[in-house]
Every structure is written in C-alpha cells, then in structure tokens.
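> Sequence and predicted model, in that order:
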Amino acid sequence: QVQLAESGGGLVQAGGSLRLSCAASGRSFRSYHMGWFRQSPGKEREFVGRIGWNGVSTTYADSVKGRFTISRDNTKNTVDLQMKSLKPEDTAVYHCAASSAPSYGSNWASELQYDYWGQGTQVTVSS
C-alpha cells in the first residue's frame with residue numbers, strides 16, 4: 001500500500017516556474033515507477049511524465065518535453081515535477097501516481113498502469 005500526497009501548486013504567471021512535490025508513504029516506494037498526470041475542467045486526465053524506480057529512465061508527453069523535469073529521491077520517498085516556461089494551457093490539477101508495472105513494455109501514458117493516486121494539487125497559470 002502506498003499513499004501519495006502532492007504539494008507545491010499555486011498561481012503563477014505565464015513564463016514562470018513552479019515545483020511540485022509528491023510525498024509517498026510505505027517502505028516499498030523505491031520499487032514503484034512514478035508518474036505525473038494532470039486534468040483540466042471538462043477534459044480527460046492527461047499524462048505528463050514518468051520516472052523509473054531508480055530515477056534513471058524518464059518519459060514525457062510532447063506537450064511538456066523540454067519544459068518539465070521529473071526527479072525522485074528514494075531516501076526521502078519523494079518525487080518532484082519541476083515546471084518551467086509555464087503556459088496558460090498547463091493550468092490543471094496535477095496528480096502523482098505509483099505504478100508496479102514492469103519496466104519494459106508498459107504504456108506509461110495509460111492510467112491503467114498505475115496502482116495508487118494522490119488527491120492532486122491545483123496549478124493555475126495566468127496569461
């Protein structure tokens with residue numbers, strides 16, 4: 001069992017930066033791949049990115065590639081999402097999620113790969 005709690009959301013101007021953090025409980029955190037998703041009102045939940053269990057492998061959605069960076073600290077049971085050059089279209093509730101899916105052959109963009117979810121944190125980017 002893993003419990004996830006996001007923090008760091010807020011209001012930022014377009015072009016600004018924000019760093020989200022996801023704190024996990026549970027001794028097995030380091031065995032999970034961690035993902036970030038976001039959801040805007042009236043839209044489907046959207047994959048943002050994911051980091052492998054050992055922090056080496058990352059995958060990003062095209063919409064955030066080059067602007068967002070995911071990192072993790074397995075000693076602190078945290079995973080961060082650094083967001084730069086924010087755009088109004090990045091406005092959403094951001095959720096972290098934990099996956100026990102195999103390292104290879106998994107579709108990280110699919111919500112079905114993830115076992116546990118946080119409640120989310122709101123990010124609002126003003127123009």
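Happy to help now that I have it. Residues are numbered from 1 along each chain as shown.

> The residue nearest to Gly10 when sequence neighbours are not counted bridge partners, please.
Leaving aside its sequence neighbours, Gly10 sits nearest to Leu18 (CB to CB, 6 or more residues apart in numbering; 6.6 Å). Where you see a C-beta, it was placed from the backbone N, CA and C, and this is true even at glycine. In this entry, Leu18 is beta-bridged to Met83, by DSSP bridges.

> Was I right to think Leu18 contacts Glu6?
No. Judged on CB atoms under 8 Å, Leu18 makes no contact with Glu6 at a distance of 11.9 Å.

> Please say which of the two ends up with more neighbours.
Glu6 (23 against 20; other CB atoms under 10 Å).

> Show the contacting residues for the more buried one.
Shown in contact with Glu6 (CB atoms under 8 Å, 6 or more residues apart in numbering): 20-22, 94-96, 118-121.

> Make a ChimeraX selection of the buried ones in those.
Selection command for ChimeraX covering only the buried members of these, criterion 16 or more other CB atoms under 10 Å:
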select :20,21,22,94,95,96,118,120,121
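
> Which pLDDT value belongs to the residue nearest to the spatial centre of the chain?
Central residue of the chain (CA atoms, centre = their mean): Trp36, 2.0 Å from the mean position. Note on Trp36: pLDDT of 98.
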